[in-house]
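[1] Just to be clear, the model below is a prediction. Sequence and coordinates:
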Amino acid sequence: MSGICQVCGVEAPTQKVFFMQHIGAVIMFFHKRIGGEFCRNCVDKYFRQYGLTTLLAGWWGVISVFATPVVLIVDVANYFRAWNLPPVPADAKYRFRRTPSGVVVVQQPVYVSADLRPPGQDRLTP
Ligand SMILES: [Zn+2]
């Protein structure tokens, strides 16, 4: 299915997935989730980033020791759901970009219908 990636804005085949990250901190834990229509690049990026963080930092807590395997299984299952997702084409266009602070910048030109002639000039010919 072709669409627009909700993370990076590329116009490419997408798949609805979500990934979780779990960090154990003895008696506390930090849980994060990201999801939506993702392109191949973003599926790989977030599976790697969230999975690796969970794998390394997930286990260190009372609840976390039980939560971490569940989170890892869910992440792997989501990764396999997107297994057949084709790569982003080399000439794919970006509909929007995110700045590092998360602000969305629209890449498509915006057409504004406006009459820019000074008042009183109704025609372009004298
Ligand atoms: Zn993407």
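    Great, that's in hand. Numbering: from 1, shown residues only.
[2] C-alpha from now on. contacts and neighbour counts both.
    Noted.
[3] Can you say which helix or strand has residue 54 in it?
    helix 40-57 (DSSP states H and E).
[4] Buried ones in that helix, by neighbour count?
    Across helix 40-57, burial judged by 16 or more other CA atoms under 10 Å covers 40, 41, 42, 43, 46, 47, 50, 51, 54, 55, 57.
[5] cool, stretch 79-96 as well?
    In stretch 79-96, counting by 16+ other CA under 10 Å, buried: 79, 82, 85, 86, 88, 94, 95, 96.
[6] how far out from the middle of the chain is that stretch?
    Put simply, stretch 79-96 sits 11 Å off its chain's centre (CA atoms, centre = their mean, to the nearest Å).
[7] Which positions in the chain make contact with the ion?
    Taking CA under 5 Å from the ion as the criterion, the chain approaches the ion at residues 5, 8, 39, 42.
[8] all helices for this protein, in order.
    Assigned by DSSP state H, the helices in the chain fall at 40-57, 64-81.
[9] Return the helix or strand in this protein with minimum mean pLDDT.
    Lowest mean confidence among the helices and strands of the chain (mean pLDDT, DSSP states H and E): strand 104-106, at a mean of 81.
[10] quick one: contacts of that one?
    Outside strand 104-106, the residues that touch it by CA atoms under 8 Å, 6 or more residues apart in numbering are 95, 96, 97, 98, 99.
[11] and what of stretch 40-50?
    Stretch 40-50 is contacted by residues 7-8, 13-14, 17, 19-21, 75-76, 79, 82, 85-88 when judged by CA under 8 Å, 6+ apart.
[12] Closest one to the ion out of those residues, please.
    Taking CA to the ion as the measure, the ion lies nearest residue 8 of the contacts of stretch 40-50, at 4.1 Å.
[13] What's the local residue count around the nearest residue to the closest one once chain neighbours are set aside?
    Counting by CA to CA, 6 or more residues apart in numbering, residue 97 is the residue found nearest to residue 8 once chain neighbours are left out, at 5.8 Å. Here the number of neighbours of residue 97 (other CA atoms under 10 Å) works out to 17.
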